[in-house]
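# coordinates only, no sequence provided:
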């Protein structure tokens, strides 16, 4: 059933929810979370439909916050809240409130949402479009344990990925990352089947699709090898090719649904890798509400470091040297990050920084060690020095950090 | 558990990455008796659902073995129809395309040596074409009388031979024998060919979400475990009721009966999970150890005539339909003593449960289809309310609804609104369908995946099976020698004798 409320308040909406539940005869509440969808009028319908489908797996209270555009100065000063309360069959399995905010109140959406959150249940905020630059600092995002953005829907997806990396706070996640779970799981399964070392990877997919970058960054982050991102006509991701010491492994999906997995020395196999609906993505996203560290790590790898290496070198030793350089560069980056963070220390974080700095030094040392056999190619040295220096610098900053923290 | 794990070496695997599901390694499944009901309604759909959820390895192969004259395509068509009709998840062409590449059919009878040679050829061909790596599970969906011959054939044709880099597993369905001696015999036959840790006994109840939730409910919470003992619990009732009769299974059912069919496996397993102590961890060994301990502590009543009841359904009306009595069913001897209803009272001799009776009952043609575990608590030791105030108050209870309408109910007293003090039972309910998903996986999906992963958590072991028979055998012997089964009209909640059995203890059966 639907209850329409015009020019209303949160407490009236709460009353309407109780009234609606009574009327359909199910006063018990079995809902597990509150999902807040922040969107514009244009995207509200699709987003709500996806959320309702997902609610079959996760019964939730869905609050759709629609900020209406005011077209005149007078409109902007008048503020109004309209609500549409849906319970029962109209709201998937759960209940839905569509909130339309006019004028000034649209800048204070959190005041409307806060009283409508389910008691003692997690809150998830999802921006299907126009996510704020720093979701955790957004007044609505601050209410949530989990903040879901979608870089796929943005104007400059790849640039937005970098922005997400800068503002990442535990609990942030992105649907472009959710989209690649089947790919990641199939690639992991492929590596389960062979005992090979991966040398280089190529990720191929359509332009302006941040999922390709995320997958590439995840692979680069986990495998620690150069990853090349190349373009194709799509749809979506089209192929991942891994160059290993026991021949190539390729996962190819030309048509967006059925892929082929080919491993050297094994027969080609068909693998279903269908592009999924938004409702399935949201359902996956709601399954776990703890911070996704793997995402954070992949995101922080940095888009600019993809494609960084030249095409595969002919000589083995040169390749090794290159890998060492890449590692050293990474160590420098880590050390720099540590330095940067050490300069503005929030009190609780100092232990984490310490370990980060140590990490940097360790990996710099490792890179140096691995670099040395390749000295014939005379590449490694400057990078080594740089890495060590930065790591030391980071270390040196440490006492300062601690002092400041105290 | 699997003989070789490269998981640790795989840089793409990370324990913190919880989005990645457990995918079985390269493997295949061979189903004997693939034309049977179980295979069509449960196994094939479960395989498809697993594939659809992306949990099967690329190249997974499904081999059917049966007498019917089928080509590979006919078999694929049969699977296709079964999947379309019974699968839980929507049908997707690309998933089907993935599956169909690994589908094979081998025609033959169980004593046909050529057929088993062909099966071996098929498996070798699949290793080449699909990369199954020699890893195969044999699912014996066949009558118990055929177990020995199939197992022997597998041995004879080298199909059960594992190499260090591949595994062969056997999956067997109940009944695991019809008494202790036959169960031991069966175990001997199977273990001669397959190592004990490669034998998976399917008790599909253990694959159910609600049954696994018993452990979560008990051991992940603080509020239940402190009262889960003889100081607070009055008694426990475990019920599995069916509304159907024996249908077309006369040949199988007569001579077996309800107690052997249900109590020996499902109900005793449910009891073990309800009563066991906290395991050190949730790995297979620790769980089996606790279950074995509690099953070993089970004590039979002294007077079996007083504390057990067996009965048969008589003609009556079941849910608006006329039903014939058991003795009038087609193919049943009019003098048959087989029980279609069984109720027993068991005790558990340990510090936690001494003196607390566990009532187990099962039956066909009862009021409705339901399986539940009810833990009934003692009355409050002292009540400041006067007698009339608490007249309508029953005992507190926690009821775990295993199926259908999966969930947990807590029953307790609450004041009736009004000026007088009157207290009545109310219930607080947690329903799976409401709080989680309408689409929790079928038991068979979970169990087949566990077989392929080599994870034996949810499978009863040899010792558990043998202990269960030790509990049931004396009762069956007693029934065999004493009297005839009581009669109850179809569509009711069992014979009056069963009600009297609880009345003597000052208790009564719940109406589930």
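On my side now, so go ahead. This one's a predicted model, so the numbers in the text were calculated from it and none came from an experiment.

# list the beta-bridge partners for residue B:345.
Going by DSSP bridges, residue B:345 is paired in beta bridges with residue B:359.

# that one and residue B:307 touch, don't they?
Yes. Using C-beta atoms under 8 Å, residue B:345 is in contact with residue B:307, at 4.1 Å. C-beta coordinates here come from the backbone N, C-alpha and C atoms, glycine included.

# which residues do those two both contact?
Residues within reach of residue B:345 and of residue B:307 at once, by C-beta atoms under 8 Å, 6 or more residues apart in numbering or on different chains, are B:301, B:501.

# can you count the residues close to residue B:474?
Residues lying near residue B:474 (other C-beta atoms under 10 Å in any protein chain shown) number 12.

# and residue B:282, by the same measure?
By the measure other C-beta under 10 Å, the count of residues near residue B:282 is 11.

# before we move on, what about residue B:133?
Residue B:133: 21 neighbours (other C-beta under 10 Å).

# one more: residue A:244?
Residue A:244: 20 surrounding residues under other C-beta under 10 Å.

# and it, how far from chain B?
Taking C-beta to the nearest C-beta, to the nearest Å as the measure, residue A:244 falls 11 Å from chain B.

# wait, doesn't that residue sit right on residue A:190?
No. In this structure, residue A:244 is not within contact of residue A:190 by C-beta under 8 Å, at 10.1 Å.

# residues shared between the contacts of these two?
If you check residue A:244 and residue A:190 against C-beta under 8 Å, 6+ apart, no residue is contacted by both.

# tell me the spacing between residue B:207 and residue B:446.
4 Å (C-beta to C-beta, to the nearest Å).

# what is in contact with these two at once?
With contacts defined as C-beta under 8 Å, 6+ apart, the residues shared by residue B:207 and residue B:446 are residue B:458.

# the strands in the stretch 101-250 of chain B, which residues?
Here the stretch 101-250 of chain B has its strands, by DSSP state E, counting those that start in this stretch, at B:103-107, B:136-140, B:168-173, B:199-202, B:233-241.

# including mean pLDDT and mean neighbour count, could those strands go into a markdown table?
Formatted as a markdown table, the strands of the stretch 101-250 of chain B follow (pLDDT from 0 to 100; neighbours: other C-beta atoms under 10 Å in any protein chain shown):
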| stretch | mean pLDDT | mean neighbour count |
| --- | --- | --- |
| strand B:103-107 | 91 | 21 |
| strand B:136-140 | 93 | 23 |
| strand B:168-173 | 91 | 22 |
| strand B:199-202 | 92 | 22 |
| strand B:233-241 | 95 | 22 |
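
# quick one: closest of the ones you listed to chain A.
Nearest to chain A among the strands of the stretch 101-250 of chain B is strand B:103-107 (12.2 Å), distances taken as C-beta to the nearest C-beta.

# ok, the closest one: who's next to it in the sheet?
Strand B:103-107 sits in its sheet next to strand B:61-66 (parallel), going by DSSP bridges.

# pLDDT wise, what is residue 342 at?
Looking at chain A here, since you left the chain open. In this prediction, residue A:342 carries a pLDDT score of 48.

# wait, chain B was what I had in mind.
You'll see residue B:342 listed with a pLDDT of 95.

# check contacts around the closest residue to it other than its chain neighbours.
Leaving aside its sequence neighbours, residue B:342 sits nearest to residue B:259 (C-beta to C-beta, 6 or more residues apart in numbering or on different chains; 4.0 Å). Residue B:259 makes contact with B:310, B:339, B:342, B:344, B:362, B:472, B:475-476 under the criterion C-beta under 8 Å, 6+ apart.

# and which of these is nearest residue B:252?
residue B:339 (14.5 Å; C-beta to C-beta).

# please list all residues in contact with whichever residue of the stretch 101-250 of chain B sits closest to chain A.
Chain A sits closest to residue B:131 of the stretch 101-250 of chain B, with a gap of 4.3 Å, by C-beta to the nearest C-beta. Residue B:131 sits next to A:193, A:263, A:266-267, A:269, B:26, B:58-59 when contact means C-beta under 8 Å, 6+ apart.

# quick one: which of those residues sit in strands?
Assigned to strands by DSSP state E, the following of these qualify: A:263, A:269.

# number of nearby residues for residue A:246?
12.

# now it, nearest residue through space, not along the chain?
Using C-beta to C-beta, 6+ apart and skipping the chain neighbours, the partner closest in space to residue A:246 is residue A:196 (4.2 Å).

# mind telling me what element the one you found is part of?
Assigned by DSSP states H and E, residue A:196 belongs to no helix or strand.

# likewise for the one 3 residues further on?
Mapping residue A:199 onto the secondary structure by DSSP H and E places it in strand A:198-205.

# got the confidence number for residue 193?
You didn't pick a chain, so chain A it is. pLDDT at residue A:193 comes out at 77.

# that's the wrong chain, I wanted chain B
Looking at residue B:193, the pLDDT reads 91.

# cool, and the one 5 residues further on?
In this prediction, residue B:198 carries a pLDDT score of 91.

# I'd say it and residue B:171 touch.
No. Contact between residue B:198 and residue B:171 fails when scored by C-beta under 8 Å: they sit 9.8 Å apart.

# got the contact list for stretch B:264-276?
Contacts of stretch B:264-276 with the rest of the structure, by C-beta under 8 Å, 6+ apart, involve B:174-176, B:203, B:205-206, B:211, B:214-215, B:236, B:238, B:240, B:290-291, B:293-295, B:346, B:348, B:352-353, B:358, B:360, B:362, B:371, B:373, B:375, B:402, B:460, B:464-465, B:468-469, B:471-472.

# now it: how far from the chain's centre is it?
Relative to its chain's centre, stretch B:264-276 lies at 10 Å (C-alpha atoms, centre = their mean, to the nearest Å).

# the bottom helix or strand of chain B by mean pLDDT?
helix B:432-435 (a mean of 67; mean pLDDT, DSSP states H and E).

# helices or strands up against the strand holding residue A:199?
Packed against strand A:198-205 by the contact rule (3 or more C-beta pairs under 8 Å, 6 or more residues apart in numbering or on different chains; DSSP states H and E) you find helix A:210-223, strand A:227-231, strand A:237-244.

# same list (the ones you listed) but as CSV, adding mean pLDDT.
Output for those, formatted as CSV (pLDDT from 0 to 100):
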stretch, mean pLDDT
helix A:210-223, 92
strand A:227-231, 90
strand A:237-244, 92
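
# tell me how many other residues surround residue B:73.
Residues lying near residue B:73 (other C-beta under 10 Å) number 11.

# what of the one 10 residues further on?
If you count neighbours by other C-beta under 10 Å, residue B:83 ends up with 23.

# quick one: pLDDT of residue B:251?
Per-residue confidence at residue B:251 stands at 78 (pLDDT).

# which helix or strand contains it?
For residue B:251, the host element (DSSP H and E) is helix B:250-253.

# what's that helix packed up against?
Applying 3+ C-beta pairs under 8 Å, 6+ apart, we find helix B:250-253 packed against no helix or strand.

# show residues contacting that helix.
Here helix B:250-253 has contacts from B:143, B:246, B:261, B:329-332, B:338, using C-beta under 8 Å, 6+ apart.

# could you do stretch B:505-512 as well?
B:234-235, B:237, B:239, B:241, B:345, B:357, B:359, B:361, B:367-368, B:370, B:372, B:374, B:376, B:397, B:399, B:493-494, B:498-499, B:502.

# what residues are up against residue A:284?
A:178, A:181, B:19.

# with residue B:395 instead?
Contact partners of residue B:395, counting by C-beta under 8 Å, 6+ apart, are B:234, B:376-379.

# quick one, which of those residues are buried?
Buried by 16 or more other C-beta atoms under 10 Å in any protein chain shown: B:234, B:376-377, out of the contacts of residue B:395.

# can you tell me which of these is nearest residue A:163?
Among those, residue B:377 lies closest to residue A:163 (C-beta to C-beta), at 57.1 Å.
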